[in-house]
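> the following block contains a protein sequence and its predicted model.
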Amino acid sequence: MSMTNETLGLEKQRDNSNFFVRFFKYFVPWKGDGAGEVIRKIIFVGSIVLFCSSINQLTDFLETDKETLEYSAQIQSLEPDFSDEVNIVGAKTGGKDGSDAPEAQKRQVQEWAKDLQKRNKEVVGWIKIPGFCNSDGKEYINFPVLQHEDNDWYLTHNIDNQPYESGSIYADYLIPINADGQADNITIYGHHMRKLGTSFTHLAEYKSGIKFLRKHPIIEFNTIYESNQEYAIISCFVAAINESQDNGHLFDYWRYRNFDDGDYKFSTWLDNIAKASWYSVDIQCDPEDDYITLSTCSNEVANMRWVIIAKKLDEDDDKEAVIASYQDKKDKDIYFPQVWRNVWGNSRKYLGWAY
């Protein structure tokens, strides 16, 4: 057979249709395609559809994230100037709720809080971790603290009482923060959203080790009746939220509000937070002191909480000495709930703030 006949055969098979038609036929099943070619094209088309859908979802996610960050920045811009404020009432007198101290002076709302309460009358304070900043130098945790008549509303609403996925930072409603006083231990809740700069997401970074704790040991928390108050972190731990997670045992840290409550003794509370803490610290803690408990989700194991407890510093506390006293604990000396041990053993685990 001559070479001429071979080339004539190829000429007859050449597709001389429009370029765009040829391009379309290359990727889309067409009459005359073999079975393998049809399968290849179907897989390709399916991949394109999936890719486009993913891009669309990613765009929506990033747009939502952008809106969330913009709103978060707007709220943080409301941070009051505490520098010129002084406390109206100094040392505590009598009971925390004022019930056994009728002679105690009523606390007055500080000037810095009045504008915030015009925006939302349920603002009861402001919380900030100074120096714990993003790349723009803005604190990750720098928010108003709200308090509703239940603990559900601000899980899904912002300071303007509008639905908001990230929710707000809010205080336990069972102990009102008012002119008469406050609880021995105020629990403050916030979501772990796994999104940059939102709610209590970045509290997870205290799992990263002792260096981080030493760098960010102080929490500034002021109720609307106070200014310039500092709390030193005294415990960081993971906690179960029901008995089934820990062989029938439960340290219900959120119920330790007033230590003179018969069922919730200070000594029991102090023993539990020391036993479960990932770190140790040398600081005098007494039932007459004020404490805050920050509570958020711990996603390394489902339905657990990451808890940080801090004590309000008083004139007898040497802040620098407290910071210098922080020590890492060995894993074997830390109490982990059974559900945690089932997954990670008796050891700490940090998977990043976005986990």
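Structure received. Remember, predicted model here, so these are calculated numbers, not experimental data.

> who are the contact partners of the residue lying closest to His216 once chain neighbours are set aside?
Excluding the flanking residues, the one nearest His216 by Cβ to Cβ, 6 or more residues apart in numbering is Phe132, at 4.7 Å. In this view, the C-beta of every residue, glycine as well, is placed from N, C-alpha and C. Applying Cβ atoms under 8 Å, 6 or more residues apart in numbering to Phe132 gives the contacts 139-141, 202, 205, 216.

> in CSV: those residues, plus distance to Asp318.
Below are the contacts of Phe132 laid out as CSV (distance: Cβ to Cβ, whole Å):
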residue, distance to Asp318
Glu139, 25
Tyr140, 27
Ile141, 25
His202, 28
Glu205, 26
His216, 18
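
> biggest strand in this protein by residues?
Using DSSP state E to define each element, the chain has its longest strand at strand 230-240.

> export the helix or strand following that strand to CSV, keeping only CA atoms.
Sequence order places helix 266-276 as the next helix or strand after strand 230-240, per DSSP states H and E. Provided in CSV are the C-alpha atoms of helix 266-276 (Å, rounded to 0.1, in the frame of the first residue of the first chain):
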residue,chain,number,x,y,z
PHE,A,266,-14.6,27.1,97.7
SER,A,267,-12.2,24.3,98.8
THR,A,268,-13.9,21.9,96.4
TRP,A,269,-13.8,24.3,93.5
LEU,A,270,-10.1,25.2,94.2
ASP,A,271,-9.1,21.5,94.4
ASN,A,272,-10.9,20.7,91.1
ILE,A,273,-9.4,23.6,89.1
ALA,A,274,-5.9,22.8,90.4
LYS,A,275,-6.2,19.1,89.6
ALA,A,276,-7.5,19.7,86.1
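
> give the next helix or strand downstream of helix 266-276.
Next element after helix 266-276 (DSSP H and E): strand 279-280.

> what packs against the helix or strand following that following strand?
Using DSSP H and E, the next helix or strand after strand 279-280 towards the C-terminus is strand 291-298. Using 3 or more Cβ pairs under 8 Å, 6 or more residues apart in numbering; DSSP states H and E, the elements in contact with strand 291-298 are strand 185-189, strand 218-223, strand 230-240, strand 304-312.

> dump strand 291-298 to PDB, restricted to CA.
Output of strand 291-298 as PDB, limited to C-alpha atoms (Å, rounded to 0.1, in the frame of the first residue of the first chain):
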ATOM      1  CA  TYR A 291     -12.900  35.400  90.100                       C
ATOM      2  CA  ILE A 292     -14.100  35.000  86.500                       C
ATOM      3  CA  THR A 293     -14.500  31.800  84.500                       C
ATOM      4  CA  LEU A 294     -14.300  31.900  80.700                       C
ATOM      5  CA  SER A 295     -16.000  29.000  79.000                       C
ATOM      6  CA  THR A 296     -16.000  28.000  75.400                       C
ATOM      7  CA  CYS A 297     -16.100  24.800  73.300                       C
ATOM      8  CA  SER A 298     -13.200  22.400  73.100                       C
END
